[in-house]
Structures are given as structure tokens and as C-alpha cells.
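Trainee: Have a look at this fold, sequence not included:
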């Protein structure tokens, strides 16, 4: 057992001390064994749970989940501090300097009266700061670990800033038809490798169309997935009510229940 003075109210310095103690010789065996790689997925999970709290508009849950995200930041910093690489204060110092550098219209003499001006300055400063010499560099430095839809939309947006883009939403949507035709051809030929490639092209074209229509592709797919689950649940309720197991019904009959579920949900929305 380690010695620690418990308090009624803690702050960031207390969190740093607690993580240090957990990683110490007399601390927690599990915490001592962790590496950046072993808790990588935890970072992703905690971030997603914070996002979920935002979606739910649950401020109490958001406060809790932000604490979990902050713990991940502090934990990773502690791992590096033990190797002599950097400490938490170095992380704070770097982000503060970055914010000051990227907001010359606030902390300097640059004039930026609109959001468009701010973003233009931001991109120019970021390219210089990260040593991005070409437009390709800006695309390649979009994190590959991002969800694929989010990464595709961000890459498309950066390509747009270099002048490589569809003229309008109509052209972007026309590309969907072209890619769909190419996918159908690959399917007809039975080439598995080409099918995967063309399916990827079709998805990418849908993301570009979403961007031109002012739609966040990641959020749009999330909403559609949630909608599918809701319809699935109602369909299952309807089949159960009539003594059927969904998996034992032919797809033609399931389609009838699916349409009923869709109508029920639509009526619920109208009544709201």
C-alpha cells in the first residue's frame, strides 16, 4: 500500500501523482505492465465513449468520460516520463505554443474577419509548421488510424483546397453512378480483387458527394445504422408477436414485416 493523502477535491496535479504512484514499484501490477501499444485500444474506446456522451447530450456522462480520456493522456505521458523522453508539462507547452502560432489573428497582427480567413491562415501555417512542401504531403499526413469514412472525407477536403475536386454536387453524384457501373462489371466478371477495389471507389465517391452536399459521411452512416437497428427491433417484435422466429421466415415474408415496422416508426415520428 502506498501513502497518499486523500482529499475532498482533486486537480490535475493529483491525477499526475496518482498515475505516478500506480506505475511505481509499490503500485498496481497491471498499471506497471502497460505500454503505449497495450492501452492503444483503450484510448480509442474512451474517446468514443466521450463522443457518445456528446451525442446523448448527457453532461454528467460527458464529465466522466472526459476524465477517462484525460487519464489516457496522463498515462501515456507517464510512460514517456519514465524513459526520459517528455513529461506532461511538455505536452501542455507544445499545444499552447501551437494554439498561439495558429491564431495570429488573435495573438498577432494578422487580420482574419471570417471563418474562411481563419481556415486559410490555419492551413498555410500548418503546412509550414509540419514541413508539408506539396499538396500530396497534406493528404498523406491525414491519420490512417481514422475511421475510413472520416479519413476519406478529410482527404477529399484537402484535395479540394488544391483545386482537385468536382465542380458541384451534381457531378459528384454522377460519379456514384459511374463507380456503381464499374462495380457491377467487376461482379459480372467474378474478380474478387476488382470487386473490392471498385466497392472502395464507390464508397469514396459517396463520401465526396456527401461533402459537396454538406453532409458528414461518418455521422450520416451512424444515423442510418441506428435507424436500421430500430427497424430490425420492431420487425423482430412483430414476428415474435405472431409466434415466428425471424430466421425461419423466408426473406419475402420478412420484407412484409420490415415494411410494417417502417410504417410504425414513421407514424411514431409524426406523432412526436
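Mentor: That came through, no problem. Just so we're clear, the structure is a prediction, and the values are computed from it rather than from any experiment.
Trainee: I figured residue 54 hits residue 63, correct?
Mentor: No: counting by Cβ atoms under 8 Å, residue 54 sits too far from residue 63 to count as a contact (11.5 Å). Yep, even glycine has a C-beta here, placed from its N, CA and C like the rest.
Trainee: Okay, helices next: where are they in this protein?
Mentor: Taking DSSP state H, the helices of the chain run over residues 12-22, 29-33, 40-56, 59-83, 88-102, 104-107, 115-129, 135-140, 148-161, 169-189, 192-212, 217-241, 251-271.
Trainee: tell me the domain boundaries of the protein?
Mentor: 12-86, 219-271 (automatic domain parsing).
Trainee: related to what we said a few turns ago, what's the closest of the helices of the chain to residue 4?
Mentor: helix 12-22 (6.3 Å; Cβ to Cβ).
Trainee: coming back round to it: comparing the helices of the chain by mean pLDDT, which bottoms out?
Mentor: Lowest mean pLDDT of those: helix 115-129, a mean of 82.
Trainee: just checking, what packs against that one?
Mentor: Helix 115-129 is packed against helix 88-102, helix 104-107, helix 135-140, with contacts defined by 3 or more Cβ pairs under 8 Å, 6 or more residues apart in numbering; DSSP states H and E.
Trainee: at 7 Å instead, please
Mentor: helix 88-102, helix 104-107 (3 or more Cβ pairs under 7 Å, 6 or more residues apart in numbering; DSSP states H and E).
Trainee: quick check: angle from that helix to helix 148-161?
Mentor: Angular relation of helix 115-129 and helix 148-161 on a 0 to 180 degree scale: 100 degrees, by axes from the mean of the first three to the mean of the last three Cα atoms, to 10 degrees.
Trainee: List the buried residues of helix 115-129.
Mentor: 118, 121, 125, 127 (16 or more other Cβ atoms under 10 Å).
Trainee: Likewise for stretch 209-226?
Mentor: 209, 210, 211, 212, 217, 218, 221.
Trainee: mind checking how far the last one is from residue 232?
Mentor: Distance, residue 221 to residue 232, using Cβ to Cβ, to the nearest Å: 16 Å.
Trainee: Also residue 100?
Mentor: Residue 100 is 50 Å from residue 232, by Cβ to Cβ.
Trainee: What about residue 262, how many residues nearby?
Mentor: 15 (other Cβ atoms under 10 Å).
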